[in-house]
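Q: pasted the sequence and its predicted model underneath.
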Amino acid sequence: NAGVTQTPKFQVLKTGQSMTLQCAQDMNHEYMSWYRQDPGMGLRLIHYSVGAGITDQGEVPNGYNVSRSTTEDFPLRLLSAAPSQTSVYFCASSSSTGASAPLHFGNGTRLTVT
Amino acid sequence: GNSVTQMEGPVTLSEEAFLTINCTYTATGYPSLFWYVQYPGEGLQLLLKATKADDKGSNKGFEATYRKETTSFHLEKGSVQVSDSAVYFCALRRSGGSYIPTFGRGTSLIVHP
């Protein structure tokens, strides 16, 4: 039972490069989301999705794109990396948007932009 | 809007000490309340939850009671271990149109032998 799988675990980019952070879940979860975690800032929501073909912006969406073509996958694309995007990125999913549904998190991707 | 306030850390304790991490919330309606734990180098994982007033969530010796009258969900453990050293996040979630979870900033716990 893999849960939420994020790849890669670590990544170093140069300013201006693009890349995709992968997120896959094998629990048939309806809701998926991306967060970034920075020291002293807590978790900040980047984008989220309530099902295949449906995405929406969170608190800090600028510089990131997402798509949800299948229930399982929710990749996060950095269009042109900037040093301000150096962070730890977490993908999280839940079975539904119900109040009692907890989030299941991946183990994160640690991104450094130089 | 919704908000969750946690006590600032780090909280530093000796092994076998009693732990309390305070959490208060603001939300309309009847949210569910959660505690998540994040060990170094890992993602958050659910520690416990409570879905209605006066419910007590418990797991691994940790407990928290949903207090609607004080809008609180304080995390407690009677005797902490070094292995409990982690960051603890309080969170709430509502149903309906406001289903995006709201997290507190996290409280770091350091337990010394």
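A: Looks like it came in fine.
Q: CA only for contacts and neighbour counts going forward, please
A: Fine.
Q: got the residues of chain A near chain B?
A: Residues of chain A lying close to chain B (Cα under 8 Å from any Cα of the partner chain) are A:40-43, A:90, A:97-100, A:102-108.
Q: and those residues, which two are furthest apart?
A: Pairwise distances across those (Cα to Cα) peak at 28.8 Å, for the pair A:G40 and A:G98.
Q: looking at the residues of chain A next to chain B, which is nearest B:K56?
A: Comparing every one of these with B:K56 (Cα to Cα), the shortest separation belongs to A:S100, at 14.0 Å.
Q: mind checking the longest strand of chain A?
A: strand A:42-51 (DSSP state E).
Q: so how far is chain B from the residue positioned nearest the centre of chain A?
A: Within chain A, the residue whose C-alpha comes closest to the C-alpha centroid is A:W34; the distance, by Cα atoms, centre = their mean, is 2.9 Å. Noted for A:W34: a distance of 12 Å to chain B, by Cα to the nearest Cα, to the nearest Å.
Q: which parts of the chain are strands?
A: Assuming you mean chain A. Per DSSP E, chain A has strands spanning A:4-7, A:10-13, A:19-25, A:31-38, A:42-51, A:54-57, A:64-66, A:76-78, A:87-94, A:104-105, A:109-113. These are given in chain order.
Q: wrong one, I was asking about chain B
A: Along chain B, the segments classed as strands by DSSP E run B:3-6, B:11-14, B:19-21, B:23-26, B:32-38, B:44-50, B:56-59, B:62-65, B:75-77, B:86-93, B:102-103, B:107-112.
Q: what is B:T24 paired to in the beta sheet?
A: Beta-bridge partners for B:T24, by DSSP bridges, are B:T5, B:S72.
Q: any chance of the strands of chain B in a markdown table, plus mean pLDDT, mean neighbour count and distance to A:R68?
A: Conversion of those to a markdown table gives the following (pLDDT from 0 to 100; neighbours: other Cα atoms under 10 Å in any protein chain shown; distance: least, Cα to Cα, whole Å):
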| stretch | mean pLDDT | mean neighbour count | distance to A:R68 |
| --- | --- | --- | --- |
| strand B:3-6 | 96 | 19 | 28 |
| strand B:11-14 | 98 | 16 | 40 |
| strand B:19-21 | 98 | 19 | 37 |
| strand B:23-26 | 97 | 20 | 32 |
| strand B:32-38 | 98 | 25 | 26 |
| strand B:44-50 | 98 | 21 | 23 |
| strand B:56-59 | 98 | 16 | 34 |
| strand B:62-65 | 98 | 21 | 36 |
| strand B:75-77 | 98 | 20 | 36 |
| strand B:86-93 | 97 | 25 | 23 |
| strand B:102-103 | 96 | 23 | 23 |
| strand B:107-112 | 97 | 20 | 33 |
